[in-house]
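Q: What would the 3D arrangement of this be:
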Amino acid sequence: MNATAATAKPHILHLHSTFAPGGKELRTVQLINGFGPGLRHTIVSAESEENGAAERIHRGIAVTLQPEFPSLKGLPTPGRLHRLARAMRSYDLVLTYNWGAMDAVMAHTLFSEAYDLPPLIHHEDGFDEEELVRRMRRRTWYRRIALGKAAGLVVPSEQLEEIALVEWQQPLGRVKRIANGIDTKAFAKKPRNDAIRRLLKRPGENWVGTLAGLRKVKNLPRLVRAFAPLPDNWHLVICGEGPERAAIEAEADRLGINHRVHLPGAIADPARVVGLFDIFALSSDSEQFPVSVVEAMAAGRPVVAPRVGDIAEMVSAANRNYLAANSEDEALEAELVTLAVDKRLREEIGAANREKARAEFDAEKMLAAYRRLYTSAMRAAGKGGF
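A: Sure thing, here's the model as predicted:
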């Protein structure tokens, strides 16, 4: 392709706090792949070494990873915000993600007219440990001001939609709730027993499994404790990477079940793995709209998790009664035990979950919604569309 043809493609800037494989990052990759080679993308991560999600972007799509760009971290001084604004000038659309990119959103609002900046759409997927219990007043006020000229604010959950409208005082027309979606057909395929490297599911074994970054907010030692009373033929498989690995392993050691707790690392293709789980489980202190729950549903698996975020609305009615009443160990343990002893119940709930995932959370529906939103913002700013 010649240089003229390449530069004719709309150019989208993505600003992330991290681009390590995680929910929002993998959704970004999913959308980039879904939109295809007709766009150019530049991806900036505040943590310059955390770019593993980019490995999943399809070949043939023009992507610039971690170019020279003002830091997304630091005090929001006028000079730093000014530099951030100037760095956005050459793009057709700016997409920002979560609190880690909020200074860029503020820079856009302050200097959008001075530099004729492209439209900006912000995405919020949840909160870090600092805002688990309640939102910080300073951050709430900062969001209210920073989002003042955003072309859109995308949230995946009803809970976040309410927060955006009420606490952040965003106008109804700016807030767009778009549910996360997946390739439901891919997750319906039967997986191989050796799909996870160095781990084989043997006849007679049952697995409780999860897909999660090994971070404090996921509280995976809690899941280890809740799992511990299950019979010896049950194993716990925690797929993911992160700083809490040692704490999880220590809890399994303390309980004397390290031979039944496995941490195989991050999974490149969850569709090949989730169907190996007999029960999918989360133990998080906070969630909004976890994609891993949709993946488990599409694979026909029952879900055990605290009633955080939109999980109770996501799962089927048949599954809802088997969500933990709270995040305590005993509540999770009770639901795991109930499902572990009743294979027929697991199958009935799994079938209901699969049908709901197909009907409401397929990737094509999500892709179409994002395409409409991004194209509308670009056209309104005279940037064309795609």
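Q: Specify the local secondary structure of Val44.
A: Using DSSP: H, G, I helix; E, B strand; the rest coil, the structure places Val44 in strand.
Q: low pLDDT regions in the chain?
A: Flagging of the chain using pLDDT under 70 yields the residue ranges 1-7, 128-133.
Q: Give me the domain ranges for it.
A: As given by automatic domain parsing, the domain ranges for the chain are 3-181+363-380, 184-360.
Q: My read is that His262 contacts Phe227, right?
A: No - with contact defined as CB atoms under 8 Å, His262 does not count as touching Phe227 (11.4 Å). (C-beta placed from N, C-alpha, C; glycine too.)
Q: what about these two, which has more around it?
A: Phe227 (29 against 17; other CB atoms under 10 Å).
Q: Please list all residues in contact with the spatially closest residue to that one that is not a sequence neighbour.
A: Nearest residue to Phe227, sequence neighbours excluded (CB to CB, 6 or more residues apart in numbering): Leu236, at 4.6 Å. Residues near Leu236 by CB atoms under 8 Å, 6 or more residues apart in numbering: 207-209, 223-224, 227, 257, 260-262.
Q: all strands of the chain, in order?
A: 11-16, 40-45, 62-65, 93-97, 120-123, 152-155, 175-177, 206-211, 234-239, 261-265, 279-281, 303-304 (DSSP state E).
Q: Quick one: distance of the second one to the chain centre.
A: Okay, so that is strand 40-45. With CA atoms, centre = their mean, to the nearest Å as the basis, strand 40-45 stands 18 Å off its chain's centre.
Q: Val29: which of the contacts of Leu236 is nearest?
A: Gly209 (22.1 Å; CB to CB).
Q: So what's the residue count around that closest one?
A: 23.
Q: my guess is it meets Val274, correct?
A: Yes - with contact defined as CB under 8 Å, Gly209 counts as touching Val274 (7.1 Å).
Q: one step back: quick one: the residue nearest to Phe227 and Gly242, what's the gap?
A: Distance, Leu236 to Gly242, by CB to CB, to the nearest Å: 16 Å.
Q: repeat for Leu276
A: 21 Å.
Q: Likewise for Phe187?
A: 23 Å.
Q: Could you check which of the two has the larger neighbour count?
A: Higher neighbour count among Phe187 and Gly242: Phe187, with 25 against 16, using other CB under 10 Å.
Q: That one touches Val293, doesn't it?
A: No - counting by CB under 8 Å, Phe187 stays clear of Val293, with 11.8 Å between them.
Q: check contacts around Thr375.
A: 385-386.
Q: Asp329: how many residues sit nearby?
A: Neighbours of Asp329 (other CB under 10 Å): 19.
Q: Contact partners for it?
A: Counting by CB under 8 Å, 6+ apart, Asp329 has contacts 222, 225-226.
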